[in-house]
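Trainee: okay, sequence plus prediction incoming.
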Amino acid sequence: MRRSRGRRIGIGASMAGLVAVTAVVVAPGAPARGAPRKVIEGTVPQYASAGAEVADARGSVDFSVALRWRDQAGLSSFDGAVSNPSSPDYGHYLSPAQFRARYSPRRSQVGNVKRWLTSHGFDVTDVSKSRMLVSATGTAGKVDRAFSTSLKVFKSDGQRLRAPAEPVSIPAKLSGDIVGVAGLAQEPAQPLGISADTAPGAPPPAAFRNAGPCSHYWARRYGKKMPAAYGKTQPWATCGYRPHQLEGAYGVRGAIKHGNDGSGQTVAIIDAFAAPTIRKDVNTYSRRHGLPPVKLKQKVFHGCHHACDEENRQGWYGEETLDLEAVHLMAPGAKIHYVGAADSTFQLVRALGWAVDHRVGHVITNSYGHVGEAVSKVHIRVEERIHQEAIAEGIGIYFSSGDDGDESHVIGHPATDYPASSPKVTAVGGTTLGVGPRNNYRFETGWGTHVTGKSGTTWDPTPPGGFLYGSGGGTTRLFSEPGYQKGVVPKKLAQRFGGHGRVVPDISMDGDPNSGMLEGETQTFPNGKKKYGEYRIGGTSLSSPLFAGYMALADQKARFHHGFLNPAIYHLAGGHSIRDIRPARSTVSVLRRDYNNGVNKKDGTSVTLRTADMDTSLHTKKGYDDVTGLGAPRGAHLLKALRHR
């Protein structure tokens, strides 16, 4: 999950203070003309400041009115029981129909909202199956009048984003039913796969190829003519691990050969847009690497409203390809249901809600996220309710934890990324993985890369150089410490910002691009030709789908859907089934040669030295840490441990 091709799309600083964003906050506002009104707090994002305003918003606006669940307290209690292995109700999930009968808003409440929207000239375009979201479209002027606000366009992080300049309000008579109005503010997330990082800050071309030399397994080849570092000759980075290497290193190749390959399971993948060559590409990749044809079903939403250009779409195509191939190599017998959002704003939340409403899979992986936690409270309140529905129905949601460490190099201060910071999802961090010549596990340490460049016969600056990228993690300012983390996460981490906060990530798998996966997709080359090519890729966009595929194996073996996994894996903390990832015994670093133009020798090449396990203010340590969480799955041992209910 990262800027693989398109420009970075993110939002500024994180929210200050620890707040319970899952609570509904509807405060009295200044009365408007006519009937009394209530202001809905949290509808103005942080970037919507007067100094950043550039124009009035125009055109059509697509938004959703979110209704509250019935018996919110009862739902929270139910979720806690069905996801807790120590509870007699563990695993006794609700079907979607049972959930709707018990917790969904009543049809009469939906009807009231629809009538109010149509009375203001909006077109009601959809009501979600759970009846939680009522979606509508209308002009910016209609939004201003109906919600007593003023939609403006603001400059933020090099983008022009629409948002309310004043808090949104609704008729007081509807305030008991409505949680918020989402989608009025454009709050884009970013894909998190790292591939074309030829040099820090260099924009990648459409096509990308790895320059040689490279190692077919860890430290297969050494740079004998390159400057030494840390007192010795360094190895060349991997060429990109093949499926059998990742299956072998994570101890599941034997299980897959004996039929524990994810058969009977479905993994859902949420991204934006849809690659036109995806089925062909994944099947080409499968033929080349000994995998069966992919069992793929797709649901793609249309109607892009933000960042709809070809360059941005292509970045998401690479993300989709990585996600599908990573899930498929780890669970080659599983079905995959891809859900493509219309764009990278609130549409991603709608796509996730659709996947949960229709229970298209019991495992859902998401390789995207916001930069930090500066997301409007109303956006978070809506998404958290989707997470609650998923837990009740036995659906496990997995999010990549991020690729910029603690984000301080991006936004100026430490922050975790939302939605990975939600206590109701499993945040998957990244490691640097060493695979041996027999597809064997050699070592694993925290992913956090510093980089320096070759200058003549030396390295400049002196190794390790500066921070480049690394596993996202840290302590959230948004959510309090969940019960499953208490007694496992060190107090020093939970109390980092005062109080007791949720700490990220929960578990990890390979994410370092220098020890990443070989991906294959159709690319556009400088001569205009479109053809299939393979290249090395990483990021926690690799980590999350790898672990989602692993959980498909676990569900199959247990004949049971584990759903929300966190309580179960924290219960296993310190045991043999999860490998504790610790600092490397000696410095781990590799050499990288990259094409300056990303595709061929025409513009020359550059050599860099990449040093691992140096992740901003985050540190790999014995036990739980904020780089790798509990650690990485120990192959068949975790499959066996999760088999018992």
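Mentor: Good, I have the coordinates.
Trainee: how's this protein carved up into domains?
Mentor: 26-191, 243-445+466-584+618-641 (automatic domain parsing).
Trainee: assign residue 352 to helix, strand or coil.
Mentor: State at residue 352, reduced to three classes by DSSP: H, G, I helix; E, B strand; the rest coil: helix.
Trainee: now do the helix ranked longest in the chain: distance to the chain's middle.
Mentor: Secondary structure of the chain per DSSP state H: the longest helix is helix 310-330. In terms of CA atoms, centre = their mean, to the nearest Å, the gap separating the centre of helix 310-330 from the centre of its chain is 13 Å.
Trainee: tell me how far residue 357 lies from residue 364.
Mentor: Distance, residue 357 to residue 364, by CB to CB, to the nearest Å: 12 Å. From N, CA and C alone the C-beta is placed, and that goes for glycine too.
Trainee: that older thread, and the next helix or strand past the longest helix of the chain?
Mentor: strand 335-341 (DSSP states H and E).
Trainee: that following strand pairs with which strands, and in what direction?
Mentor: Each strand paired with strand 335-341, and its direction, by DSSP bridges: strand 266-272 (parallel), strand 295-300 (parallel).
Trainee: quick one: which of those is nearest residue 385?
Mentor: Nearest of the strands paired with strand 335-341 to residue 385, taken as CB to CB: strand 266-272 at 16.4 Å.
Trainee: could you check the angle the closest one makes with helix 310-330?
Mentor: Put simply, strand 266-272 runs at 160 degrees to helix 310-330, going by axes from the mean of the first three to the mean of the last three CA atoms, to 10 degrees.
Trainee: flag every buried residue along whichever helix or strand comes after strand 266-272.
Mentor: Remark: after strand 266-272, the chain's next helix or strand is helix 278-288, criterion DSSP H and E. Neighbour-count burial for helix 278-288, counted by 16 or more other CB atoms under 10 Å, picks out 278, 281-286.
Trainee: stretch 260-267 now?
Mentor: The neighbour-count check on stretch 260-267 (16+ other CB under 10 Å) flags 260-262, 265-267 as buried.
Trainee: got TSV for those residues, with distance to residue 45 and pLDDT too?
Mentor: Putting the buried residues of stretch 260-267 into TSV (distance: CB to CB, whole Å; pLDDT from 0 to 100) gives the following:
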residue	distance to residue 45	pLDDT
260	45	98
261	44	98
262	39	98
265	38	98
266	35	98
267	32	98
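Trainee: pick out the most distant pair among the residues you listed.
Mentor: 260 and 266 (16.0 Å).
Trainee: quick one: residue 127 and residue 117 touch, right?
Mentor: No. Counting by CB atoms under 8 Å, residue 127 stays clear of residue 117, with 10.9 Å between them.
Trainee: how about low-confidence regions in the chain?
Mentor: Applying pLDDT under 70 to the chain picks out residues 1-34, 195-205, 645.
Trainee: the lengthiest strand in it: what's the following helix or strand?
Mentor: If you go by DSSP state E, the chain has its longest strand at strand 426-435. Scanning forward in sequence from strand 426-435 by DSSP H and E, the next helix or strand is strand 441-446.
Trainee: what's the local residue count around residue 528?
Mentor: Residues near residue 528, counting by other CB atoms under 10 Å, number 7.
Trainee: which of residue 357 and residue 364 has more residues huddled nearby?
Mentor: Ranked by neighbour count (other CB under 10 Å), residue 357 and residue 364 place residue 364 first, with 25 against 22.
Trainee: quickly note the distance from that one to residue 131.
Mentor: Counting by CB to CB, the gap from residue 364 to residue 131 is 20 Å.
Trainee: could you do residue 633 as well?
Mentor: Distance of residue 633 to residue 131, computed by CB to CB: 37 Å.
Trainee: I appreciate the help and will end here.
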